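[1] Sequence and computational prediction follow.
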Amino acid sequence: MSDLPDDILNRIDADHDETVKEPLATILYDGERAWYTKKQLNYRLREDHNVDVSKPAMTERLDELQEIELVAIRKVGGTNIYYWDDDASEWPIPSDVVIQSEFSALMQTVNTSYAIWGVAGIIGILVGGLLTILGTVTYSEYLTLPISPGSIIAVAFLTLFCSYVLVTLYLVAALVDITVDPELPSFME
């Protein structure tokens, strides 16, 4: 029985030389290496699957697997390397590597319990800035409001002060969190 998922097995044409194509796909899918040469693949076929295949037949099977987008081929030096065609990367990925997107690393950081302090602080800075502009425009009498310009500017400065306090609390909590768990998210490295 193959270690390949059913959706991949369905893409492999079982009627045509399954004894070579499926083992080749299995080696590349969960192999010990990120990539293989034809010589290495031929050795793995003989050792792991007890299949002996000629070079032209192997080339043909690898080309067929490339046509159905399961295997990718790159020219390195004077030889071709073959690896599992994974949508997560255009390069070979070792089987023991877990791909994590930059967005998920960012979301992992944003999902911390103290992240709301940083978000509230940034929003407060924006609101305080807008209130400062509004107070200044009102003070210059380009705009008339029922609230005195001095009150608007006072509220703006209070909002800015509170926002900077929130951002500082966020940064302190983040630094404490990083010292407890020193593994930085990939976007911060």
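    Sure thing, it's come through.
[2] Next secondary structure after the worst-scoring helix or strand of the chain on mean pLDDT?
    When the helices and strands of the chain are scored by mean pLDDT, DSSP states H and E, helix 102-110 comes last with a mean of 60. Downstream of helix 102-110, the first helix or strand assigned by DSSP states H and E is helix 115-139.
[3] And the following helix or strand past that following helix, what's buried?
    Using DSSP H and E, the helix or strand that follows helix 115-139 in sequence is helix 149-180. The neighbour-count check on helix 149-180 (16 or more other C-beta atoms under 10 Å) flags 149, 152-153, 155-156, 159-160, 163, 166-167, 170, 173-174 as buried. Yep, even glycine has a C-beta here, placed from its N, CA and C like the rest.
[4] Tell me which other helices or strands helix 149-180 touches.
    Based on contacts counted as 3 or more C-beta pairs under 8 Å, 6 or more residues apart in numbering; DSSP states H and E, the elements that helix 149-180 packs against are helix 115-139.
[5] What mean pLDDT does the helix it packs on get?
    Confidence for helix 115-139, expressed as mean pLDDT, is 92.
[6] Just give me how far that helix sits from the chain centre.
    With C-alpha atoms, centre = their mean, to the nearest Å as the basis, helix 115-139 stands 33 Å off its chain's centre.
[7] Buried residues, that helix. List them.
    For helix 115-139, using 16+ other C-beta under 10 Å, the buried residues are W117, G118, A120, G121, G124, I125, G128, L131, T132, L134, G135, T138.
[8] now do stretch 49-60
    By neighbour count on 16+ other C-beta under 10 Å, the buried set for stretch 49-60 is H49, V51, V53, M58, E60.
[9] where in this structure is pLDDT low?
    Applying pLDDT under 70 to the chain flags the ranges 1-2, 13-19, 86-111, 181-189.
[10] how is it carved up into domains?
    Domain segmentation of the chain under automatic domain parsing yields 6-84, 102-188.
[11] Which members of the buried residues of stretch 49-60 are the farthest-apart pair?
    The span of the buried residues of stretch 49-60, defined through C-beta to C-beta, is set by H49 and E60 at 17.3 Å.
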